[in-house]
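**Student:** 3D model of this:
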Amino acid sequence: MFFGEFQYRVDDKGRMPIPPRFRHELKDGLIIMEGVDKCLTVYSLSEWKKLSSDTALKTPGSVTSEKMRRLNRFLYASSFSLLIDGQGRISLPAPLKEYAGITDEVIVAGANNYIEIWNKEQWEAEKALVREQAWQIIEGLERH
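**Tutor:** Model prediction:
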């Protein structure tokens, strides 16, 4: 499980640290992709395999479904397989940095079974929105 919020700097070569408590889970590699909310999403290899398998199982005939073709493009075309280096860092691919507006400061946020990497300013805005809506979301869950 990934949890917590960490602030880091991206160096001149586009490298950033992975929080030490997350490294063991990602020691065999990770998949990083565009997130839905203008952030980057990071999965361990085992979690990525589950996501891929779940998507394939829920979508028989996915080649003929326009929505599934689009979902597959979103999931796979913008994804990169990375390894953590000896100093506990990853190199952010340029297209992903551009997508998420990442320049120098990032926030790494645990999100249960995956990690999100945010531009610091966008994270602050998202966090304020989440705080504002949290009780409404919780109350909505209780009704189901």
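
**Student:** got a list of what the spatially most central residue of the chain touches?
**Tutor:** For the chain, the residue nearest the mean C-alpha position is residue 41 (1.0 Å; CA atoms, centre = their mean). Listed by CB atoms under 8 Å, 6 or more residues apart in numbering, the contact set of residue 41 reads 32-35, 114-117. C-beta coordinates here come from the backbone N, C-alpha and C atoms, glycine included.

**Student:** which element is it on?
**Tutor:** Secondary-structure assignment from DSSP states H and E places residue 41 in strand 40-44.

**Student:** what pairs with that strand, and is each one parallel or antiparallel?
**Tutor:** Strands adjacent to strand 40-44 in the sheet, as given by DSSP bridges, are strand 30-34 (antiparallel), strand 115-119 (antiparallel).

**Student:** Looking at these, which one is packed in the most?
**Tutor:** Stretch with highest mean neighbour count among these: strand 115-119 (a mean of 24; mean count of other CB atoms under 10 Å).

**Student:** what distance separates it from the middle of the whole chain?
**Tutor:** Once both centres are worked out by CA atoms, centre = their mean, to the nearest Å, strand 115-119 turns out to sit 6 Å from its chain's centre.

**Student:** Could you list the low-pLDDT ranges of the protein?
**Tutor:** For the chain, the stretches with pLDDT under 70 are 56-64, 142-144.

**Student:** Longest helix of it, counting residues only.
**Tutor:** Determined from DSSP state H, the single longest helix within the chain is helix 120-142.

**Student:** Tell me which stretches of this structure form helices.
**Tutor:** For the chain, the helices defined by DSSP H occupy 20-23, 45-57, 66-72, 94-100, 120-142.

**Student:** got the buried residues for the longest one?
**Tutor:** It stands for helix 120-142. Buried residues in helix 120-142, counted by 16 or more other CB atoms under 10 Å: 120, 122-123, 126.

**Student:** residues in contact with that helix?
**Tutor:** Outside of helix 120-142, the residues within contact range by CB under 8 Å, 6+ apart are 7, 37-39, 100-101, 105-107, 109, 118.

**Student:** Equivalent analysis for the fourth one, please.
**Tutor:** Applying CB under 8 Å, 6+ apart, the contact partners of helix 94-100 are 10, 14, 32-35, 38-40, 78, 80, 102-103, 117-119, 122.
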